[in-house]
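Chemist: Got a predicted model here, sequence first, then my questions.
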Amino acid sequence: MMVTSNGEEVQEQIKPEYDRKSELKAFDDQKTGVKGLVDAGVTKIPRIFIHDKSQLNDISTTSSVAPLFSVPIIDFGGVDQGSAQRSGIIEKVRDACEKFGFFQVVNHGIADYVMDDMIDGVLRFHEEDTEVKKGFYSSDVMRKFKYNSNFDLYTGPATNWRDTVYCIMAPEPPEPQELPAVCKDILIEYSKHMMRLGLVLFELLSEALGLNPNHLKDMDCAEGLYVLGHYYPACPEPDLTLGTSNHADDGFFTILLQDQMGGLQILHENQWVDVPPQPGALVVNLITNDKFKSVNHRVLAKNVGPRTSVASFFRSHYDDGLCTPNM
């Protein structure tokens, strides 16, 4: 009870304490992810998705910053057609690695229809019948294929507005019957293309570092491949959350395939810079060492969608500590 200025006693309204853990568990137990919320018609995002203002500080001003910089686009056409042309590509890779930590690749040898089908395969899975998807819902790091919303659902400071499929495709891929029928064939085919392109990139990165072309491959850097398929539903309050929070990847490098709706940004010279999708292009996020740098990046939530992307992570091996890439 409390007393007003005229002496009347009224019942004080006590706001219930926010129990984040319980809300996270309730969301997790549904096994329907963010898409389940959208399908239920939410118009306000649950509190578990609201990010600290420091993470959202300049989303509204991003468009005015982006034109100041642009992520390099490197043409890989002719990478094996003579030392002079290859040397030029290596120089561009070195420059992009040192200055941006990101670049986009065109003429990489992967047909547009393969990339389009991979994007569609991710979309098909996430829009599959709910009961079918629930059979793949898991946080078990030992499963070679699984789906959930956020791998760090219970440990992250805020939940990201996305759902993700995770699949270990090398060195020991899952049996075909372990994969969902709606994306099995394209996931297997796309992973083969990623392994081939990954080997080319390891050669170019080795040479850009002044090493033998096989240096990184001989260290088994191309042994492990982990493929993620992100699904970003339209968000009713995109200014309060993120599709993927600000982070830097570990490991050697990541190859990202975006759909044409985009949303990826990198932090360059203390400013968020858009990485707009280019037709037929793949985005490469580089390794970290004394010469090359891994750059912080994030994915915005938007009030349009759904949007999809596919991230292929290369590691020397996978264990419990490495099976949680983010982008």
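Modeler: Thanks, I have it.
Chemist: Please, where are all the strands along the chain?
Modeler: For the chain, the strands defined by DSSP state E occupy 2-3, 9-10, 73-75, 102-106, 145-148, 163-170, 224-232, 242-247, 253-258, 264-268, 271-274, 282-285, 297-300, 307-315.
Chemist: Adding distance to Gln177 and mean neighbour count, write the ones you listed out as TSV.
Modeler: Every residue, glycine included, has its C-beta placed from N, CA and C. Formatted as TSV, the strands of the chain follow (distance: least, C-beta to C-beta, whole Å; neighbours: other C-beta atoms under 10 Å):
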stretch	distance to Gln177	mean neighbour count
strand 2-3	64	9
strand 9-10	65	9
strand 73-75	39	17
strand 102-106	33	22
strand 145-148	11	20
strand 163-170	14	23
strand 224-232	18	24
strand 242-247	31	21
strand 253-258	25	24
strand 264-268	34	20
strand 271-274	41	20
strand 282-285	29	24
strand 297-300	32	25
strand 307-315	22	24
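Chemist: low pLDDT regions in the stretch 201-327 of the chain?
Modeler: 249-252, 287-291, 293, 317-327 (pLDDT under 70).
Chemist: rerun that using 90 as the cut-off
Modeler: 209, 215-223, 246-254, 262, 266-273, 285-297, 305, 314-327 (pLDDT under 90).
Chemist: Now Thr254. Nearest residue, chain neighbours left out?
Modeler: Asn285 (4.3 Å; C-beta to C-beta, 6 or more residues apart in numbering).
Chemist: That neighbour: what's it in contact with?
Modeler: Neighbouring residues of Asn285 by C-beta atoms under 8 Å, 6 or more residues apart in numbering: Gly101, Phe102, Asp249, Phe253, Thr254, Leu256, Ser294, Val295, His297, Met327.
Chemist: Scan the protein for its longest helix.
Modeler: Using DSSP state H, we find that the single longest helix of the chain is helix 184-208.
Chemist: helices or strands up against it?
Modeler: helix 83-99, helix 112-126, strand 163-170, helix 215-218, strand 224-232, strand 253-258, strand 307-315 (3 or more C-beta pairs under 8 Å, 6 or more residues apart in numbering; DSSP states H and E).
Chemist: Okay, buried residues for the first one please.
Modeler: When neighbours are counted by 16 or more other C-beta atoms under 10 Å, the buried residues of helix 83-99 are found to be Arg86, Ile89, Ile90, Lys92, Val93, Arg94, Ala96, Cys97.
Chemist: Any figure for the gap between Cys18 and Ile50?
Modeler: No Cys there; residue 18 is Tyr. 10 Å (C-beta to C-beta, to the nearest Å).
Chemist: Correct me if wrong: Phe202 contacts Ala222.
Modeler: Yes: applying C-beta atoms under 8 Å, one finds Phe202 in contact with Ala222, separated by 5.5 Å.
Chemist: Between the two, which contacts overlap?
Modeler: Joint contacts of Phe202 and Ala222 (C-beta under 8 Å, 6+ apart) are Leu216, Phe314.
Chemist: Skip the chain neighbours and tell me the closest residue to Gly180.
Modeler: One correction, residue 180 is Pro, not Gly. Phe125 is the one closest to Pro180 (C-beta to C-beta, 6+ apart), at 5.4 Å.
Chemist: Gly78 too?
Modeler: Gln85 (4.5 Å).
Chemist: can you check Arg298 too?
Modeler: Computed as C-beta to C-beta, 6+ apart, the closest residue to Arg298 that is not its neighbour in sequence is Asn246, at 4.6 Å.
Chemist: Report the separation between that neighbour and Phe136.
Modeler: 28 Å.
Chemist: Spatially, which residue comes closest to Thr130, not counting chain neighbours?
Modeler: Thr32 (5.8 Å).
Chemist: check contacts around that neighbour.
Modeler: Asp39, Thr130, Lys133, Lys134.
Chemist: and Asp39, how many neighbours?
Modeler: 13 (other C-beta atoms under 10 Å).
Chemist: Would you enumerate the residues in contact with it?
Modeler: Contact analysis of Asp39 by C-beta under 8 Å, 6+ apart lists Thr32.
Chemist: I'd guessed Phe69 sits against Gln265; true?
Modeler: No: applying C-beta under 8 Å, one finds Phe69 not in contact with Gln265, separated by 10.9 Å.
Chemist: Find residues that contact each of these two.
Modeler: Contacts common to Phe69 and Gln265, judged by C-beta under 8 Å, 6+ apart, are Val273.
Chemist: Now do stretch 167-175: everything it contacts.
Modeler: Identification of contacts with stretch 167-175 by C-beta under 8 Å, 6+ apart yields 144-146, 179, 187-188, 191, 194-195, 223-229, 317-318, 323.
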